[in-house]
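**Student:** mind looking at a prediction? Sequence and model below.
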Amino acid sequence: MKKLNLLLLSVFLITAVVVSACASGNDSESSNEENEQKSEQAPKNGEENSSDSLNKGIEKVLTSLQELKNTAETSPDDTDNINSKGKSLSENWEPIEEKVEEQNPDAYENIEESLYPLIGEAQKEKPDTNKVTKLIEETTEKLNQFKGKLSSS
């Protein structure tokens, strides 16, 4: 009788271990499925955040452009202030430059055709304020066009 009880107990324990192992295997499979679903959703959220940060970055650059324009128009002889605003413009462009290029390489090239000459001119020892103002208008228009394309997509 003891042998039979021992045998039944052993079978019971083995069965319990097997059932337990099967159940935990299913949990990991469903857990893997949940993780896959989350990772599929993550890029969508990341894209939204990326788009938001790009829009905020563009707004900063547009603000810098406006500040430089105001300085160039109201204080054309204030070289230090124009240089400072040109440097600030460059610093605000740097964080979004790569994102703009990734989003739309053509728009990136188009923007930089006027932006880099503007930054260069604004940081000269004697900036040509007429040239600065013209380049600001071109760059502002290009950035607003790009921003509009971002909003519509």
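**Tutor:** Good, I have the coordinates.
**Student:** where in this structure is the helix or strand with the lowest mean pLDDT?
**Tutor:** Ranking every helix and strand in the chain by mean pLDDT, DSSP states H and E puts helix 2-74 at the bottom, with a mean of 67.
**Student:** can you name the element that comes right after it?
**Tutor:** Following helix 2-74 in sequence order, the next helix or strand is helix 79-103 (DSSP states H and E).
**Student:** counting contacts, what elements does that next one pack onto?
**Tutor:** When contacts are defined as 3 or more C-beta pairs under 8 Å, 6 or more residues apart in numbering; DSSP states H and E, helix 79-103 packs onto helix 2-74, helix 105-122, helix 129-152. For glycine as for every other residue, the C-beta is placed from the backbone atoms N, C-alpha and C.
**Student:** which of the residues in that helix are buried?
**Tutor:** For helix 79-103, burial by neighbour count (16 or more other C-beta atoms under 10 Å) applies to 79, 82-86, 88-90, 92-93, 96-97, 99-100, 103.
**Student:** which of those lies closest to residue 68?
**Tutor:** Closest approach to residue 68 among these (C-beta to C-beta): residue 85, at 4.0 Å.
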